[in-house]
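> this one's sequence-less:
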DNA sequence: CGCTTATGGATACTGATACTATCCATCACA
DNA sequence: TGTGATGGATAGTATCAGTATCCATAAGCG
């Protein structure tokens, strides 16, 4: 496959593909002469993955790169691969809540994790985000929502279980890692849009008359 | 309150507050003289909301503006207010899937909505995102995940119900709208971080040994 | 009263991100 | 043999989210 065909097959403009090559998102094609390279099926699948992450899941290019690197590091333990992807995915948070809310949130989250028996490292970035979010919700006067944290955790465990089940059938190791990462990231987009739809439907039923 | 106190109370730099004022995210303070304005408690709460949306939920400034406008349009029916916020929240999507995957996804989503009895407008932007996401998952060879769409919808209905329940107790109309919007947006951040945590825990248990 | 600091308002500048555009010396192929 | 695509390099662009600077005025302190 030449770059033009790659472009036609995916709808990604040639200059953009060149940009991804430059940035190291896409490995270089096999050179047959100094200015002729050919791309294979792996390139096609990789490019589709890149585009889905960027367009659909709005993952920044630099983060996509980190994620792909973690996928390609298939000598690492699987859990490490996933952890790397998670870390890339979670931006370092700043604070935006009052101190009381923060301490309350910290305790609540610690208790939740203990009660669920989750094994989570203390420096997991998602942990910080969770605390910040709970704190922000409290600061904004949404204690009602926060009171249902446990219900949320319930549902979320359900997701995680579905994803693991759907994935453990996968034969090869690197397919497994790829599935987990895709499931994590596009799964989020999936949940978000489903949730919007459900809300819209319920709010239509409930408040048709203001 | 003067702008400096507003800044100290929230941790937002003064120039940034000025920027939000310029952009119309924050209403102007009450002028006591040509270069002296005072801000009230409403400004403080609004500013905290703005920051939570921008920092935590990564909502673009322009979108925050639209959302706040929909909150302030409290003469509109509640469902309309929410719809406006939803529309602002869902970026217009481009495609990134094969045609077969798209048609399969379209049917699957239509069937799902019919089976659930959801009342969703055909032009709801979240609908397009959902179709695109399902199509992308298929294109990327993740049919396993897509097969569990219905389980996802189950869990998501649970979320929506929690959110509605927690919110209908709210006394005033505009507090109601605000709660729904905060719940929608920060709820997503909440779910995302919980989900990452649950995955991390499960993957640690399951794949400690590669 | 004078002095330092803060303020509102306007305009300009910055750094990051994600591409696009242009060039050029080959290549492929009709 | 010439038309168009390609690889590689470099430069340019649009958008976003602030920052920085200036100025004339106002507040608070000694």
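Okay, I see it. In this text, all values refer to a predicted model and were calculated from it rather than measured experimentally.
> Helices of chain A, start to end?
Using DSSP state H, the helices of chain A run over A:3-10, A:14-23, A:41-51, A:61-72, A:78-89, A:99-116, A:125-139, A:143-146, A:149-168, A:173-206.
> Check the ones you listed for me and report the most buried one.
Of these, the one with the most neighbours on average (mean count of other C-beta atoms under 10 Å in any protein chain shown) is helix A:125-139, at a mean of 24. C-beta coordinates here come from the backbone N, C-alpha and C atoms, glycine included.
> Out of the helices of chain A, which is closest to DNA strand D?
DNA strand D sits nearest to helix A:3-10 of all the helices of chain A, at 2.7 Å, using C-beta to the nearest atom of the strand.
> how about the closest one against DNA strand D, any contact?
Yes - applying C-beta under 7 Å from any atom of the strand, one finds helix A:3-10 touching DNA strand D at A:3-5, A:7.
> hang on, isn't residue A:17 packed against residue A:2?
No - counting by C-beta atoms under 8 Å, residue A:17 stays clear of residue A:2, with 10.8 Å between them.
> filter the residues of helix A:3-10 next to DNA strand D down to the ones close to DNA strand C.
Contacts with DNA strand C are made by none of the residues of helix A:3-10 next to DNA strand D, judged by C-beta under 7 Å from any atom of the strand.
> can stretch A:118-132 be found next to chain B?
Yes - Stretch A:118-132 is in contact with chain B by C-beta under 8 Å from any C-beta of the partner chain, via A:118-121, A:124, A:126-127, A:129-130, A:132.
> Give the residue farthest from the middle of chain A.
Most distant from the centre of chain A: residue A:33, at 38.5 Å, with distances by C-alpha atoms, centre = their mean.
> and stretch A:59-69, anywhere near chain B?
No - Stretch A:59-69 is not in contact with chain B by C-beta under 8 Å from any C-beta; minimum separation 10.3 Å.
> which stretches of chain A aren't confidently modelled?
Where chain A drops to pLDDT under 70, the residues are A:170, A:209-210.
> Flag every residue of chain A that's near DNA strand C.
A:13, A:15-16, A:18-19, A:32-36, A:54, A:60-62.
> I'd like the distance from stretch A:146-153 to the chain centre, please.
Distance of stretch A:146-153 from its chain centroid, counting by C-alpha atoms, centre = their mean, to the nearest Å, is 21 Å.
> so which two of the residues of chain A next to DNA strand C are the farthest from each other?
A:33 and A:60 (34.8 Å; C-beta to C-beta).
> center of chain A - which residue?
The residue lying closest to the centre of chain A (C-alpha atoms, centre = their mean) is residue A:185, at 2.8 Å.
> Isn't it up against residue A:59?
Yes - between residue A:185 and residue A:59 there is a contact under C-beta under 8 Å: 6.6 Å.
> which of the residues of stretch A:118-132 next to chain B lies closest to residue A:111?
residue A:118 (11.5 Å).
> So the closest one is in contact with residue B:197, correct?
Yes - under the criterion of C-beta under 8 Å, residue A:118 makes contact with residue B:197 at 6.3 Å.
> Spell out which parts of chain A neighbour DNA strand D.
A:2-5, A:7, A:14, A:18, A:21-22, A:28-29, A:31, A:34-38.
> try it again with 10 Å
With C-beta under 10 Å from any atom of the strand as the criterion, chain A comes near DNA strand D at residues A:1-8, A:14-15, A:17-19, A:21-22, A:28-39, A:94.
> filter the residues you listed down to the ones close to chain B.
Counting by C-beta under 8 Å from any C-beta, the members of the residues of chain A next to DNA strand D near chain B are residue A:94.
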